[in-house]
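[1] Kindly return the folded structure for what I paste below:
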Amino acid sequence: MSQERNTDSGAATVRKFVRLPHIEVPKASDVLADTLRERILAGDFPEHTALPPERDLVEQAQMSRTTVREALRILEAQGFVRLKTGRAGGAFVSLPGEESVASTVSMFIQGRRIRRETLLETREALEPMLARLAAKRRTDADLERIEAANAAMARSADSLSGFLQANVDWHVGVAEASHNDLLVGFMSALSRAIYLSTENRSFVDDSIRKATARAHEAITKAIRDQDEVSAARRMSKHVHAYASAIKLVEDRDEIDVSAE
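    Numbering: from 1, shown residues only. As a prediction, the model looks like this:
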């Protein structure tokens, strides 16, 4: 679109042009990855089946072999295919599971530098619901995993790393007993982030271990008894006490530093 005007002398014409915004042209590999992803989600390529061979994709898409390979790597990173090499190799459909959710949430937490206070608030909102669902839906196998984590915590008196890993395993085990894949993915990412953001060596003392063990046993019993209300209430009390304990340690450390 242009606009013209005459100068005072009428001898020249000045044209002013409206600048066009920068237009992003998608890469061919992104376009192909989007197309294949849509077809996978639509059920055209069922899970565990193979996508067409690379040479067929090159011919059908009218794209280079390099572009097709890049598109397949994009889908692999997103959890939609597994790439195998060799005579029986190819791209096999693999729908994203809870681990993909956990990975995405973890990257969001790290990339956005989410504060620990926010992580703990999210945990207080999420875990009581997970405990309630676990009490409602748990199976014998779920109970075995949860109780195995409790036993591992009891055996880790001389191992901080063993205690912390068993603690994470217990919380993730309760989440898995909810049989809600989306919530399990969130809880897996949340547990890792809280673990990494906590100065565990100075925080996890003998009193914390004993209090954690008592809380876990009480929540496990409520889940075993399928007492949804008790499971949710006890989990809420447990995660709130954990957050409060971290705050007390941080306040104490701030006082110690200011006194130096």
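
[2] now stretch 223-243: mean pLDDT?
    The average pLDDT within stretch 223-243 is 96.

[3] what residues does it touch?
    120, 123-124, 127-132, 134-136, 138, 143, 146, 174, 177, 211-212, 215-216, 218-219, 222 (C-beta atoms under 8 Å, 6 or more residues apart in numbering). Placement of C-beta: from N, CA and C, glycine included.

[4] Flag every buried residue along it.
    For stretch 223-243, a neighbour-count test (16 or more other C-beta atoms under 10 Å) marks 223-224, 227-228, 230-236, 238-239, 242-243 as buried.

[5] Looking at the residues you listed, which two lie furthest apart in space?
    224 and 243 (25.7 Å; C-beta to C-beta).

[6] Please list all residues in contact with the residue nearest to the spatial centre of the chain.
    Per C-alpha atoms, centre = their mean, the C-alpha nearest to the average position across the chain is that of residue 102, at 2.2 Å. Contacts were defined as C-beta under 8 Å, 6+ apart; by that measure residue 102 touches 184, 185, 186, 188, 189, 192.

[7] Name the helix or strand for it, please.
    Using DSSP states H and E, the element containing residue 102 is helix 98-111.

[8] measure residue 65 to residue 58 for me?
    5 Å (C-beta to C-beta, to the nearest Å).

[9] hmm, I was thinking of residue 122
    In terms of C-beta to C-beta, residue 122 sits 45 Å off from residue 58.

[10] What of residue 212?
    56 Å.

[11] Of the two, which one has the most company?
    Higher neighbour count among residue 212 and residue 58: residue 212, with 21 against 17, using other C-beta atoms under 10 Å.

[12] Excluding sequence neighbours, find me the nearest residue to the more buried one.
    residue 167 (6.6 Å; C-beta to C-beta, 6 or more residues apart in numbering).

[13] hang on, isn't that neighbour packed against residue 153?
    Yes - look at residue 167 against residue 153 with C-beta atoms under 8 Å: they come within range, at 6.3 Å.

[14] Pull up the overlap in contacts between those two.
    Shared contacts of residue 167 and residue 153, counting by C-beta under 8 Å, 6+ apart, come down to residue 212.

[15] before we move on, the earlier item: out of the buried residues of stretch 223-243, list just those in strands.
    Among the buried residues of stretch 223-243, no member falls in strands (DSSP state E).

[16] Could you list every helix and strand that the one helix or strand residue 37 maps to packs against?
    Residue 37 belongs to helix 28-41 when assigned by DSSP H and E. Counting contacts by 3 or more C-beta pairs under 8 Å, 6 or more residues apart in numbering; DSSP states H and E, helix 28-41 is packed against helix 54-61, helix 65-77.
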